[in-house]
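Visitor: okay, predicted coordinates and the sequence, questions at the end:
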Protein chains: 2
Amino acid sequence: MSLSFEIAAVTPQGGRRGRLTLPHGTVQTPVFMPVGTAATVKAVPQDVLETLNAEIILANTYHLYLRPGHELIGRAGGVHRFMSWQRPMLTDSGGFQVFSLSKLRKISPEGVEFRSHIDGSKHFFSPEHSMAVQIALGADIMMVFDECVETPASWERTRDSMGLTHDWAARSKAYWEQHRHEVPWAASFEDKHQALFGIVQGGMYPDLRKESAERLIEMDFSGYAIGGLAVGEPREVTREMIARTLEHLPSDKPRYVMGVGYPDEIEEYARMGVDMMDCVLPTRAGRHGLLFIRENPADRTSPVVRLNIKKLDNAEDQGPIDAGCGCSVCRRYSRAYLRHLFASGEPLGATLNSIHNLSFYLETMERVRGDLART
Amino acid sequence: MSLSFEIAAVTPQGGRRGRLTLPHGTVQTPVFMPVGTAATVKAVPQDVLETLNAEIILANTYHLYLRPGHELIGRAGGVHRFMSWQRPMLTDSGGFQVFSLSKLRKISPEGVEFRSHIDGSKHFFSPEHSMAVQIALGADIMMVFDECVETPASWERTRDSMGLTHDWAARSKAYWEQHRHEVPWAASFEDKHQALFGIVQGGMYPDLRKESAERLIEMDFSGYAIGGLAVGEPREVTREMIARTLEHLPSDKPRYVMGVGYPDEIEEYARMGVDMMDCVLPTRAGRHGLLFIRENPADRTSPVVRLNIKKLDNAEDQGPIDAGCGCSVCRRYSRAYLRHLFASGEPLGATLNSIHNLSFYLETMERVRGDLART
């Protein structure tokens, strides 16, 4: 078994309350997955993530491949053991970072040659290599290697790129089927293996999104991601592309929108039927002193507001970030103290801000799951 | 009551097992005090310090005066409330940082004019002003404002500087006696107030150390610090100056050596009769990837060794930092993971390294207290 997905309730709007069972544990869906880029959710210790009730986290294949190297992590028993995180994990394919972070890319049907953003060294990623890296990392869920088209892109350019992505998806799956027994924890988890998700591309063109979904469904993946969104397009377009793609995806498989978004977005997409989302925003915003709060702290469904902790208004504010938030930071520390930490460049500021923002995201999803279960 | 100090046992070598009772709680002595420079022990959350059983921490008057300002902290109710730390605290006088960090100092009998290391702004510290700042901060223990002589310094120069320190100590005490009711928490801790410690100077000259101790004892402080050490002199000299000063200090008052030291030093000084010590070393070394361990992990009295986590030997070492250490970092994370965090510049590395080093120091002192109690 690699993955089982049970849906307990579906709303008229298509939102689903479900449960995803993976080799390393169970995940209540819809779920927000904190991003642990280099096998660490930046500035947040693993025990705090557990206390926050993060049930699954992401790690980035591109970063771990470059440093410390997937073979080293494989020899350590996989990324779970390496970072001491025994709950489920997901790795992306490395594609997005190859296209967004690395230098001097050369794309061919075979794969992508690129230079490391760290030291300029030359590397090559093919679908097969991405799978080999992800198998060594050993996350519960792996993603196929895909091309991320630049935005905006013409219909023709998007169609051609999508074609490459489909070829690469088929090659990813073929490699995975032959090599999945090589996962470092194979011996300790008998009869369990990693799951592989396909990624629907097609840019901002609904007809291409439909075609991409159909092609991937023919290949039969354990779950389907919607890729190539939140890359600069207006939010209404993101929303429409998600809606127009969801309608073509099988209802019994998990659906994952990659790289979104603001707290109100993840709530909206969850209510539309998206089961999984991830984003660096809560931690990255936290490190920049931006904190998510509710406009009316007593009403957790009131609009989301961004508090800029460095503003002078906070200098003598003895209240918490968000009076309606029950996180360990809001229970203990004042805005005045958090502003001081941020203004002084103290590392504790990044940690506490990130914890609050992650709690805000996870709390939002918990509330949404409650709503979906009741309908 | 500002402070009570009870001694339960004294060894033939002069080591004392004691208990210090302060407005915010009780401290088992001899004690090591983690340094929370800007009202945060760098990279370590307050709840972790509590779990590590840190009973008293230090904050720096110079840093908090400049940022966020002592008046702001006073209006917040003092540094305990400001940083949400309800256990005892100690503030230094600002003197050491004025002399080591600031620029363009002008010293007169009245006080010291200096420029901020942050923005170059001009400031003036006198004994009275240091007291006013420390009363606003409201730590359980304050230190008199002293001049720190450069090292090496001639006997004459050291004697003159010491004379200034004594004048300033008397002025510090006079100001404190008139103003101690102004502490921000005066209303909530009836009949309790801050304690003031004198600081013995005298450089590397035993006759001046003796004279300094005698002069300060005449002024009658709640405790006595030995200042001006660990400023570059050989360790044998530090040890001798401590020994030659301790013999002149009253046995019924707490004795505090400021700014020391390595784990084997704090153990040695505690066994000689020093009751309190503080040092930035565990956290600073941690941020630089230097970890304290025992040469033989199973023998906690074996020599202290420094592990440089970034060394290649650690890259695939799945063992803990120190197999005999019971801290949360050694129980959960491998050297390989900590090396990866450090090499990748991940903030979690500084946090976990600092936690281990603090635990190492606090565990060392706990063992020493056990030994002192048994003799």
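Guide: That came through fine. Treat the numbers as computed from the prediction; the structure is a model and nothing was measured.
Visitor: which ones are touching residue A:24?
Guide: A:80, A:86-89, A:140 (CB atoms under 8 Å, 6 or more residues apart in numbering or on different chains). For glycine as for every other residue, the C-beta is placed from the backbone atoms N, C-alpha and C.
Visitor: check it and give its pLDDT.
Guide: Residue A:24 carries a pLDDT value of 97.
Visitor: pull up the gap between it and chain B, please.
Guide: Distance of residue A:24 to chain B, given as CB to the nearest CB, to the nearest Å: 16 Å.
Visitor: could you do residue A:42 as well?
Guide: Counting by CB to the nearest CB, the gap from residue A:42 to chain B is 6 Å.
Visitor: dump the residue contacts of that residue.
Guide: Taking CB under 8 Å, 6+ apart, we find residue A:42 in contact with A:36, A:283-284, A:287, A:350, A:354, B:346-348.
Visitor: one more: residue A:208?
Guide: Taking CB under 8 Å, 6+ apart, we find residue A:208 in contact with A:155, A:158-159, A:162, A:201-202.
Visitor: what of residue A:320?
Guide: A:329-331, A:333-335.
Visitor: ok, back up a step: of the contacts of residue A:24, closest to chain B?
Guide: In terms of CB to the nearest CB, no member of these lies closer to chain B than residue A:86, at 10.5 Å.
Visitor: next one: phi and psi at the residue nearest to residue A:22 when sequence neighbours are not counted?
Guide: Closest residue to residue A:22 apart from its sequence neighbours, by CB to CB, 6 or more residues apart in numbering or on different chains: residue A:140 at 3.9 Å. Phi and psi for residue A:140, reported as degrees, to the nearest 10, are phi -70, psi -40.
Visitor: and for residue A:361?
Guide: Torsion angles, degrees, to the nearest 10, at residue A:361: phi -60, psi -50.
Visitor: quick check, it in contact with residue A:32.
Guide: Yes: using CB atoms under 8 Å, residue A:361 makes contact with residue A:32 at a distance of 4.9 Å.
Visitor: so what's in contact with those two at the same time?
Guide: Common contact partners of residue A:361 and residue A:32 (CB under 8 Å, 6+ apart): residue A:266.
Visitor: identify the residues contacting the residue nearest to residue A:359 when sequence neighbours are not counted.
Guide: Leaving aside its chain neighbours, residue A:359 sits nearest to residue A:327 (3.6 Å; criterion: CB to CB, 6+ apart). By CB under 8 Å, 6+ apart, residue A:327 lies in contact with A:52, A:355-356, A:359-360, A:363.
Visitor: tell me which two of those residues sit farthest apart.
Guide: Maximum pairwise distance in the contacts of residue A:327, criterion CB to CB, is 12.0 Å, between A:355 and A:363.
Visitor: that older thread, name the nearest of the contacts of residue A:327 relative to chain B.
Guide: residue A:355 (8.7 Å).
Visitor: for the stretch 101-250 of chain A, what spans make up the helices?
Guide: A:127-137, A:155-179, A:206-219, A:235-246 (DSSP state H, counting those that start in this stretch).
Visitor: deepest of these, which one?
Guide: Of the helices of the stretch 101-250 of chain A, the one with the most neighbours on average (mean count of other CB atoms under 10 Å in any protein chain shown) is helix A:127-137, at a mean of 25.
Visitor: quick check: mean pLDDT of it?
Guide: Averaging pLDDT along helix A:127-137 gives 98.
Visitor: before we move on, what about stretch A:294-306?
Guide: Mean predicted lDDT for stretch A:294-306 stands at 98.
Visitor: what is the one helix or strand residue A:283 maps to packed up against?
Guide: According to DSSP states H and E, residue A:283 maps onto helix A:281-287. Helices and strands touching helix A:281-287, by 3 or more CB pairs under 8 Å, 6 or more residues apart in numbering or on different chains; DSSP states H and E, are strand A:290-294, helix A:347-374.
Visitor: can you tell me the residue of the stretch 151-300 of chain A closest to chain B?
Guide: Closest point on the stretch 151-300 of chain A to chain B, by CB to the nearest CB, is residue A:287, at 8.4 Å.
Visitor: what residue is smack in the middle of chain A?
Guide: residue A:278 (2.7 Å; CA atoms, centre = their mean).
Visitor: what's around the residue in the stretch 101-250 of chain A positioned nearest to chain B, how many residues?
Guide: Closest residue of the stretch 101-250 of chain A to chain B, CB to the nearest CB: residue A:118 (9.1 Å). Counted with other CB atoms under 10 Å in any protein chain shown, residues neighbouring residue A:118 total 12.
Visitor: what does the stretch 201-350 of chain A have sitting close to chain B?
Guide: By CB under 8 Å from any CB of the partner chain, the residues of the stretch 201-350 of chain A that approach chain B are A:315-316, A:318, A:328, A:332-334, A:336-337, A:339-341, A:343-344, A:346-348, A:350.
Visitor: which of these are buried?
Guide: With neighbours counted by 16 or more other CB atoms under 10 Å in any protein chain shown, those contain buried members at A:315, A:328, A:332-334, A:336-337, A:339-341, A:343-344, A:346-348, A:350.
Visitor: which pair of the residues you listed spans the longest distance?
Guide: Greatest spatial distance among these (CB to CB): A:315 and A:328, at 22.8 Å.
Visitor: in helices, which of the residues of the stretch 201-350 of chain A next to chain B appear?
Guide: Per DSSP state H, helices hold the following members of these: A:328, A:332, A:336-337, A:339-341, A:343, A:347-348, A:350.
Visitor: okay if I get these as JSON lines plus pLDDT and distance to residue A:66?
Guide: Shown next, in JSON lines, are those (pLDDT from 0 to 100; distance: CB to CB, whole Å):
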{"residue": "A:328", "pLDDT": "98", "distance to residue A:66": "33"}
{"residue": "A:332", "pLDDT": "98", "distance to residue A:66": "37"}
{"residue": "A:336", "pLDDT": "98", "distance to residue A:66": "40"}
{"residue": "A:337", "pLDDT": "98", "distance to residue A:66": "37"}
{"residue": "A:339", "pLDDT": "98", "distance to residue A:66": "36"}
{"residue": "A:340", "pLDDT": "98", "distance to residue A:66": "36"}
{"residue": "A:341", "pLDDT": "98", "distance to residue A:66": "31"}
{"residue": "A:343", "pLDDT": "98", "distance to residue A:66": "34"}
{"residue": "A:347", "pLDDT": "98", "distance to residue A:66": "24"}
{"residue": "A:348", "pLDDT": "98", "distance to residue A:66": "29"}
{"residue": "A:350", "pLDDT": "98", "distance to residue A:66": "23"}
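Visitor: mind listing the strands for the stretch 51-200 of chain A?
Guide: A:57-59, A:89-91, A:103-108, A:111-115, A:122-125, A:141-143, A:195-200 (DSSP state E, counting those that start in this stretch).
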